[in-house]
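Chemist: here is a sequence with its predicted model. Questions after.
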Amino acid sequence: MDYFIESAPLDKLQSDCLLVGLYENQQLGPAATALDQQFGGLLSKLIGRGDIKGKNAETLLINHLPEGGIQRLVLVGFGERGKIGRKQFRKALIAAVGAIKASKVKAATAALLDIDVEAGDVQWKARQIVELFGDGVYQYSATKKVDDKIPLQQLAIVASEAQHAQAEAGLQQGAAIAAGVELAKSLGDLPGNVCTPTYLAEQALALAGQHDKLTCQILEEHDMEALGMGSFLAVSRGSRQPAKLICLDYQGGDSSHKPIVLVGKGLTFDAGGISLKPGQGMDEMKYDMCGGASVLGILRAVTQLNLPLNIVGLIPSSENLPDGAANKPGDILTSMSGKTIEVLNTDAEGRLILCDTLTYAKKYNPDVVIDMATLTGACIVALGRVPSGLFGNDDKLCNDLLGASETACDMLWRMPIWEEYQEQLKSNFADLANIGGPDGGSITAAVFLSKFA
């Protein structure tokens, strides 16, 4: 989708559909007030009928307007004036996107930067508008015909001369993030017979080919064997698809600066191995590579913004399937670090590919390492489906990530990795076991990985 800043005054504006805001108790926002005056009190008359009160996420589509350049109008409710936080702003935007999609327009204009948001400046608001519209028009079409395709192709954001610089910065950030999210979602939605480890590696190479500051190296199974990645390779033994360790290196900062290393779990399909998962819902195990897809999406956004940072993306990618060669409960693996691991459950495989990747990450002498993974459903048991679990051994990094989650309205909750949990990973036959029993499953997974960080 195309995004741009619109600087024309409202009375000169040409738009298929214009979005303007109002507050609770039918208080028109600045742009809506200007339009009301332009149309001789039409908006006041329409809302006076009670069709919209201005509550958060209410919308009203007005299909017929007096002569002028604006063909349609969507009134968007934001809630009580002076009490609109970031979450309320985003919730209203999501409703606005839904109204635009339902209207079937090809181009829309958002005059919403004038809505007062606590801790949300013009740049942040412009970024959210672009992010949420980009996310809202996403449709999967790689392996199916989409008859009812969303027609929206263009979004303009109305900004005054004083707002223009901040709005443009927010637009550029939002467009880059939206592009990264689109890449991650499109890879995640692909079926496992298409999005194999080899396919994921090909996408990484293609991404690197689009930017001169991004390079990509693919480690094959023989490379990993030479490095001693016995834990990683044990997972891939049950699959006919060769494992790949995808290594992306973005050099946007000073060469003397230590890189940020991003690690993303890339299980393109997880049947559980010999510890086979139940059949119900197993089709969704194609999403077990979303940590890796997120790394690719982040680097797509980073390159689009040309950020002055050094970032390394590491994606261990494999399938986890049952086969005569697959690793078995009771097997002892030797990781790249030299630590031995007793496999008690082959469905706890994510940590087995990630632990060798974390050891490999040390070669980059990183400033910080951030590991993203669909590691265990036990985290949903602990936290539900609202926040993601955050585990870390560095308070500053964890606080930075918590702050970023507040800005992005994508919530994190810090979980413990106290040494008391290490008791659950003790093994009679190896340095540690790959699971810690039924209690605190997400915590013991993190404690396991902390042994390699």
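Modeler: Nice, thanks for sending it over.
Chemist: domain assignment for the chain?
Modeler: With domains defined by the TED database, the chain comprises 2-185, 192-450.
Chemist: just name the shakiest helix or strand of this structure by mean pLDDT.
Modeler: Within the chain, no helix or strand scores below helix 42-47, which has a mean of 92 by mean pLDDT, DSSP states H and E.
Chemist: can I get the domains of the chain in JSON lines with mean neighbour count?
Modeler: Bear in mind the C-beta positions are built from the backbone N, C-alpha and C, glycine included. Below are the domains of the chain laid out as JSON lines (neighbours: other Cβ atoms under 10 Å):
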{"stretch": "domain 2-185", "mean neighbour count": "18"}
{"stretch": "domain 192-450", "mean neighbour count": "19"}
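Chemist: partner strands of the very next helix or strand once past the least confident helix or strand of the chain and their direction?
Modeler: Moving toward the C-terminus from helix 42-47, the next helix or strand (DSSP states H and E) is strand 59-62. In the sheet, strand 59-62 lines up against strand 73-77 (antiparallel) (DSSP bridges).
Chemist: elements contacting the very next helix or strand once past the strand it pairs with?
Modeler: Using DSSP H and E, the helix or strand that follows strand 73-77 towards the C-terminus is helix 86-103. Helix 86-103 sits against strand 18-23, strand 59-62, strand 73-77, helix 122-136, with contacts defined as 3 or more Cβ pairs under 8 Å, 6 or more residues apart in numbering; DSSP states H and E.
Chemist: tell me the gap between helix 86-103 and the middle of its chain.
Modeler: Computed by Cα atoms, centre = their mean, to the nearest Å, the chain-centroid distance of helix 86-103 equals 19 Å.
Chemist: tell me if Ala204 really is in a helix.
Modeler: Yes - under DSSP: H, G, I helix; E, B strand; the rest coil, Ala204 sits within a helix.
Chemist: these two touch, right, it and Thr215?
Modeler: No - the pair Ala204 / Thr215 is not scored as a contact, 10.3 Å apart, by Cβ atoms under 8 Å.
Chemist: what do those two both touch?
Modeler: Shared contacts of Ala204 and Thr215 (Cβ atoms under 8 Å, 6 or more residues apart in numbering): Leu248.
Chemist: if we can go back for a sec, nearest to Leu358, of the helices and strands packed on helix 86-103?
Modeler: helix 122-136 (30.2 Å; Cβ to Cβ).
Chemist: redo the helices and strands packed on helix 86-103 as JSON lines? Include distance to Gln210 and mean pLDDT.
Modeler: Listed next are these as JSON lines, based on distance: least, Cβ to Cβ, whole Å; pLDDT from 0 to 100:
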{"stretch": "strand 18-23", "distance to Gln210": "33", "mean pLDDT": "97"}
{"stretch": "strand 59-62", "distance to Gln210": "37", "mean pLDDT": "96"}
{"stretch": "strand 73-77", "distance to Gln210": "36", "mean pLDDT": "97"}
{"stretch": "helix 122-136", "distance to Gln210": "18", "mean pLDDT": "98"}
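Chemist: among the ones you listed, which is nearest Leu352?
Modeler: With Cβ to Cβ as the criterion, Leu352 lies closest to helix 122-136 of these, at 32.6 Å.
Chemist: gap between stretch 141-149 and the chain center?
Modeler: Distance, centroid of stretch 141-149 to centroid of chain: 23 Å (Cα atoms, centre = their mean).
Chemist: for the helices and strands packed on helix 86-103, give me a markdown table that also has distance to Gln241.
Modeler: Putting the helices and strands packed on helix 86-103 into a markdown table (distance: least, Cβ to Cβ, whole Å) gives the following:
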| stretch | distance to Gln241 |
| --- | --- |
| strand 18-23 | 46 |
| strand 59-62 | 46 |
| strand 73-77 | 47 |
| helix 122-136 | 30 |
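Chemist: which parts of the chain are helices?
Modeler: Secondary structure of the chain (DSSP state H): helices at 30-38, 42-47, 86-103, 122-136, 164-189, 197-208, 221-227, 230-236, 290-305, 350-361, 378-383, 395-408, 441-450.
Chemist: the fifth one: how far from the chain's middle?
Modeler: In this case it means helix 164-189. The answer for helix 164-189 is 10 Å, by Cα atoms, centre = their mean.
Chemist: do the same with the second one
Modeler: Taking Cα atoms, centre = their mean, one finds the center of helix 42-47 at 39 Å from the center of the full chain.
Chemist: hmm, back to that, figure out which of the helices and strands packed on helix 86-103 is closest to Ser256.
Modeler: Ser256 lies closest to helix 122-136 among the helices and strands packed on helix 86-103, at 30.1 Å (Cβ to Cβ).
Chemist: relative to helix 164-189, how tilted is the closest one?
Modeler: Angle, helix 122-136 to helix 164-189, by axes from the mean of the first three to the mean of the last three Cα atoms, to 10 degrees: 30 degrees.
Chemist: packing partners for helix 122-136?
Modeler: Helix 122-136 packs on helix 86-103, strand 107-111, strand 154-158, helix 164-189, going by 3+ Cβ pairs under 8 Å, 6+ apart.
Chemist: per-residue pLDDT of the nearest residue to Ala184 once chain neighbours are set aside, please?
Modeler: Once flanking residues are discounted, Ala184 sits nearest to Gly297: 3.4 Å by Cβ to Cβ, 6 or more residues apart in numbering. Listed pLDDT for Gly297 reads 98.
Chemist: ok, Gly297 - contacts?
Modeler: Gly297 sits in contact with 180-184, where contact means Cβ under 8 Å, 6+ apart.
Chemist: if we go to 10 Å?
Modeler: Contacts for Gly297 were tallied using Cβ atoms under 10 Å, 6 or more residues apart in numbering; they are 177-188, 207, 264, 290.
Chemist: okay, it and Ala176: tell me how far apart.
Modeler: Distance of Gly297 to Ala176, given as Cβ to Cβ, to the nearest Å: 10 Å.
Chemist: repeat that for Ala408.
Modeler: Counting by Cβ to Cβ, the gap from Ala408 to Ala176 is 13 Å.
Chemist: so which of the helices of the chain gets nearest Val368?
Modeler: Once these are compared by Cβ to Cβ, helix 395-408 is nearest, at 5.1 Å.
Chemist: how about the nearest residue to Lys91, chain neighbours excluded?
Modeler: Nearest one to Lys91, counting by Cβ to Cβ, 6+ apart, is Ala57 at 5.0 Å.
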